[in-house]
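Colleague: For reference, the sequence and a predicted model appear below.
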Amino acid sequence: MSITGGCLCGAVRYTVSAQPIMSRMCFCRVCQYFACGNAAVNAAFPSAAFTVSGTMKDFVSTADSGTEMHRRFCPECGVHLTTAAATRPEIVMVRVGSLDDPGIVTPTAAIWMDSAPRWACLDPSVEQIAKQPPPLKPAT
């Protein structure tokens, strides 16, 4: 299996050779900046299954959870592609909008709902979590 994606200008491309572990929307304030006010929609994959061609720039910051995050993007067009927690290097979160086929994943949860704008519209079948859920465990 091969899942592909990349940035808007094509300078960065990636391939993932595994199924997503999960997908969820994040309404933390930092993700809202990246998603222009809405939630960032991410799919988690094992880092070992993720390969990239091209150069990404790394923006290091502290998440609302207190975790050091590495948010990587194309330095040419500015499209955000991945995020990874320093404490969980075995998992990479891929921005679903950067997938060649974003329809391959369906978010099952929305996190940091305490920070969501009042106008946020969600499917009632999507689990809503007030803050940060427990860390993901990679598939064994």
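Modeller: That came through fine. None of the values given here were measured: they were computed from a predicted structure.
Colleague: Convert the lowest-mean-pLDDT helix or strand in the chain to PDB, retaining C-alpha atoms only.
Modeller: Lowest on mean pLDDT, DSSP states H and E among the helices and strands of the chain sits helix 29-34, with a mean of 82. The C-alpha trace of helix 29-34 is given here as PDB (Å, rounded to 0.1, in the frame of the first residue of the first chain):
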ATOM      1  CA  ARG A  29      -5.200  27.600  19.400                       C
ATOM      2  CA  VAL A  30      -1.900  26.800  17.600                       C
ATOM      3  CA  CYS A  31      -3.700  24.500  15.100                       C
ATOM      4  CA  GLN A  32      -6.300  27.100  14.500                       C
ATOM      5  CA  TYR A  33      -3.500  29.400  13.300                       C
ATOM      6  CA  PHE A  34      -2.400  26.800  10.800                       C
END
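Colleague: Summarise which helices and strands that helix is packed against.
Modeller: Using 3 or more CB pairs under 8 Å, 6 or more residues apart in numbering; DSSP states H and E, the elements in contact with helix 29-34 are strand 40-46. From N, CA and C alone the C-beta is placed, and that goes for glycine too.
Colleague: From the chain's centroid, how far away is stretch 91-102?
Modeller: Relative to its chain's centre, stretch 91-102 lies at 7 Å (CA atoms, centre = their mean, to the nearest Å).
Colleague: end to end, how far does it reach?
Modeller: This stretch, stretch 91-102, spans 19 Å end to end (CA to CA, to the nearest Å).
Colleague: now stretch 36-53
Modeller: From its first residue to its last, stretch 36-53 covers 26 Å (CA to CA).
Colleague: Likewise for stretch 68-79?
Modeller: Length of stretch 68-79, first residue to last, CA to CA: 20 Å.
Colleague: For residue 107, give me its contacts.
Modeller: Residue 107 makes contacts with 23-25, 41, 96, 126, as judged by CB atoms under 8 Å, 6 or more residues apart in numbering.
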